[in-house]
Structures are given as structure tokens and as C-alpha cells.
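[1] A structural model of the following input is requested.
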Amino acid sequence: MSKKMFALIAALLTMVLLFAACTPGTPAEQPTAEPVQVTDAPTEEPEVTDTPEPTATPEPKPKLDYSGNAILIDFDDDSCISASCCTYEIRSGEPWLTVLTEAGDNNITFAFDEVFLTEDYPIIAFKYRVGYGQSIRGTNHFYSITGAGGPSVQEGTWADLDFMTDLDWHIGVFHLTEDFPQAASDWSALRCPTVDTVGGDLAFAWFGAFESEEDLAAYDKAFNDVYGEKLVKAEKPKEEKTERVPDVLLDEFENIVLDFEDASDGDLLSGYYAGDEWIGKFGLNSSKFVQEGDSVALNLTFDALYHNSLVKSDKGFTAKFDFRDNGNGSGNFGGFIFGFGDENNDRDFYENAYGKDGVNSLVGKSGIGVTFHGDNKIYIYLRYWNADKSKIDILGAEYEAPVNFNEKMVSFVIDDDGTSKITITADGHLLFTVNYSDPGVVADAVGYYEQYFRNVSITDGAGNEVIKSDQSLLSIYDSFGFGARARDLIIDNIEVVTKK
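    Reported below is the predicted structural model:
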């Protein structure tokens, strides 16, 4: 190839390259890319949206093989249940309704989904289990709810049940014509009590109205055939107790005498100032001051009067007062209480903490109570932990005193030596001697954390032992109070002092 030809080809090639460099949109016009940075970070996984789990289909309840005549409460239907100061629930794996008590007027009402007549379904029954350490207050009754209304305080429209407290399942039965003789025939519901202790539990396995005893028994059998293995006994709660010291604790009793001479006949107790520590607690607020001979005295009827603070017990105390039982010797409590702790005791010493309303009605949740049964009969009782019944209970004894408490004012003296012994005398006659020892926390008593004298023995005026327990709830602190429920007590010249 000649030199001229070679030069011509080179020139043409240069022109082609220059033309290509000036053509828009070619890679030569694009900015130079940043160099790729090296990193140790792992490559991100692409976000994956979880597929929601399908809603589990509730397992249907087993069908009971029952063909009797009954109207049963459906515990799953909230419209059938009305709770006051309590809550209720069916817990997982439990074929029963648990009712938990809250503070206040606690009760639960079961409403039937149809009104029925007593002659058609004359029995209301239920299967229940009382929780560990629980009891039901004697004034918290079963109340009928019918076309005539209710609940009502009218006699014959409410009834009681002797609850079993052995932690096992039992059947409660009401025969409507016998137990609610004044209730109307068209029934719609029954209001039931719950246990007293806040947080305490009462369980119902079933609840219904039945045509006959045979129908009731057949339904219980059908229920047990399906759920019998699950109807377990209540268990004792697992807790380590730590001693609690009362919040209201003084070195000694307020040193005053309540002779009420600054009151007038007819004045209400609720309007009377009795010092900083003597407190009135009122049920019907019916207690008044009356003229008793030459003196003004307190007529305690349906209220309480007590020393509010507990007192350190290393010195002992002496309580003195004049007393007359004003002819009303009913079964309701009317008398005095000492040795009660601060816990589990809201000082409702006119209310029933044990026994039935009007029959063996007693008060107080710890300590010793003394009530009067008319003429010369006096009754003393001790609060203690009953291991057989798994609850707080009483031991009591009636005594015929050598004085008549209805005839005239009787001078009482309660003397605690602060070490081991308390004596109770009336007009100089020894009525009872209380021997106490072994202070400490009562381990099994549910809701009780203060110290109590656990060994207590009470003898009558002749020295006969009438009460004894090694699980007693006699407070190591000193306390004193009066109470009356539908009674008529005359009290005067109250003086409670710590020994010097």
C-alpha cells in the first residue's frame, strides 16, 4: 500500500471517531459511576408479612346426657348473671364459674331465662365449692326475686344455707315453699351471697330450678359423668407469711371515764363526742342516751362503740363498766369484745361475722366476745382457726352466772395482767378466766398476719375448762369494744386503762 493511500485511510478513521464522540446519548456523555463500596453488612432479607393464624374454632362443650325437667343457668351468658362487689369468670380448663369477692356489699344474682312457677319447679339447687379459709357472713342471705319484687328484708322471702367448707364440692338445695314461704310463686332469679374475705373465692359448677329431687339427682349425675374428673378440691394457697404490725397502735389507753353525764336523755350516740379514741360505728343509728336512775346511760341497740386504736400489751389493762341487759334476750349479739386484732376487723360489732341472723348471731373476726342470753345466762366465745373446716371458726360456752343481768346495773371488771391471764368478774363474782400463751402468726389462717396468742384456755367461775385451742386468734395487743344487733343494752361508766 502506498503512503498516500495509508494517509487517506488514517484521515477517514479519525473523522469517524470524531463524529462518534459528538453523537448525543452515547455512553461517553454519561457521568462516571461511583466505585462500588465494599461492606461487611449482611444482605438484608426481604420483608415477609406473616400470614395470620386462623382463629381457632372453640371446642364445643360436651353434651350432657340429660332428659329431665329443669331450667339451667347458662354461665356463658352474662345476661343471666348480675354481680355486686364481686367478679366472676370461667377459667381455662375449669368447667365451673369462679366468683371473687371485692370490698362492699358482695353478692351475685342468677336470673333464669324464663319465669317459672313454684308449683312447676319447686326446687332451686346448685353445686358449689367454698375456697380455702373462706366463710359466708350470717347476714348475707339468699334472697328471692319474683313478680312481687325482691330482694326484700321481709321474713320468709330470704333464706340461709349451711355451707360446707371442707374444700370439696357439695349441692345446696332450697325447697321454695318451705325455705321462702312468703315469696311469690312466679320466680325469675335468686340473689346469692359470696364469701366474706376480699379476694376469696366461691365456685359454682351448675345452678338450676328442678321439677323434682329425681330430676336434680339425674342432672348432677349427667354433669359428673362428663366433668367429674375435673371437679377437684380447692387448694391451700402457697404463701410465706410476714408478720404485720397494726397501723393504729398506742402505748396506752386514753385515760378517760365515759359517764355520759354531759349527754341528755334522748340524744343520739352519733352526736356525742367520746374522746379521740372512742368511736361509734352505726347500723341503724338508733342508740340513744337514757335516764337510768340518777344517771345518764347509753342505750346501745343496733350500733357499736369501741376503742379505735390497739394498745401495746406489755403492761396489761383493766376495763370497768356498769351494765344491764334491758330485757331483750334475743339470739342476736349484745355485749362486749376484747383481744381483737386490727386486720380483718372493720369494727362492725353490730353485724354478724358468724352464725345466722337472729340465731346464735356473733360478731368480730378475732378475739373473745361475751354476749348475754337473758336473765343470768352469759355466753363467751373465742375466734380460732378450724383446721378440719379450713376456715376461721368459734368455740363457745354458755354459763349461768350468780347474778341476774336484767334486774339491775351490774358492775363488770375485766383485768388483764399483761402476761398470761385475764379475769372477768360481775359484781365481784368470777365469771371466766382466760389463760393465754404462745404468741405468733397463725400460719394457716387466711388473711391473718398479725401476732396472736395461739394457746388459749377459758375456765368458768368454778374452774371448769370450757374452751381450749392451740390455733387461737387472741391478739397480742389490747383492745376493747361494745356491740349490739337488735338488742337493748344499758351501759354506763366505761373506763379502760393501761396498767402503770
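[2] From residue 127, how far off is residue 228?
    For residue 228, the distance to residue 127 equals 11 Å [CB to CB, to the nearest Å]. All C-beta spots, glycine's among them, are computed from the backbone N, C-alpha and C.
[3] What of residue 383?
    Residue 383 is 30 Å from residue 127, by CB to CB.
[4] Settle it for me: which of these two has more neighbours?
    A count of neighbours by other CB atoms under 10 Å puts residue 383 above the other of residue 383 and residue 127, at 33 against 20.
[5] contacting residues for residue 81?
    Residue 81 makes contacts with 73, 75, 88, 97, 108, 109, 110, 111, as judged by CB atoms under 8 Å, 6 or more residues apart in numbering.
[6] ignore the last one, residue 367
    337, 338, 339, 340, 341, 345, 383, 473, 474, 475, 479.
[7] Can you read off the pLDDT for it?
    Here the pLDDT value assigned to residue 367 is 97.
[8] So what does it have for phi and psi?
    Note on residue 367: backbone dihedrals following degrees, to the nearest 10 are phi 90, psi -160.
[9] same question, residue 225
    phi -60, psi -30.
[10] Please apply the same query to the one 5 residues further on.
    For residue 230, the backbone dihedrals are phi -90, psi -10 (criterion: degrees, to the nearest 10).
[11] Now it: closest residue in space that isn't a chain neighbour?
    residue 95 (5.5 Å; CB to CB, 6 or more residues apart in numbering).
[12] same deal with residue 249?
    residue 310 (5.4 Å).
[13] Nearest to residue 495 among the contacts of residue 367?
    residue 338 (14.0 Å; CB to CB).
[14] where does the closest one land on pLDDT?
    97.
[15] List the buried residues in stretch 139-150.
    By neighbour count with 16 or more other CB atoms under 10 Å, stretch 139-150 contains the buried residues 139, 140, 141, 142, 143, 144, 145, 146, 150.
[16] quick one: contacts for the nearest residue to the fourth one once chain neighbours are set aside?
    It stands for residue 142. Nearest residue to residue 142 in three dimensions, chain neighbours excluded: residue 159, at 5.1 Å (CB to CB, 6+ apart). Listed by CB under 8 Å, 6+ apart, the contact set of residue 159 reads 141, 142, 174, 179, 180.
[17] Low-confidence ranges, the stretch 251-400 of the chain, go.
    328-330 (pLDDT under 70).
[18] can you rerun that using 80?
    327-330, 355-360 (pLDDT under 80).
[19] now the strands for it?
    257-258, 278-282, 288-292, 295-300, 303-307, 310-311, 317-325, 334-338, 354-356, 359-362, 368-372, 377-386, 391-400 (DSSP state E, counting those that start in this stretch).
[20] So for residue 220, which of those strands sits nearest?
    Of all these, strand 391-400 comes closest under CB to CB, at 24.8 Å.
[21] List of residues touching that closest one?
    130, 133-135, 165, 354, 362, 365, 373, 376-386, 431-432, 445-446, 448, 458, 460-461, 466-469, 473.
[22] how far does that strand sit from the chain's center?
    Chain-centre distance of strand 391-400: 22 Å, with CA atoms, centre = their mean, to the nearest Å.
[23] Ok, stretch 332-349 next?
    With CA atoms, centre = their mean, you get 16 Å for stretch 332-349.
[24] so what's residue 223 scoring on pLDDT?
    So residue 223 comes in at 97 (pLDDT).
[25] nope, residue 249 is what I meant
    pLDDT for residue 249: 93.
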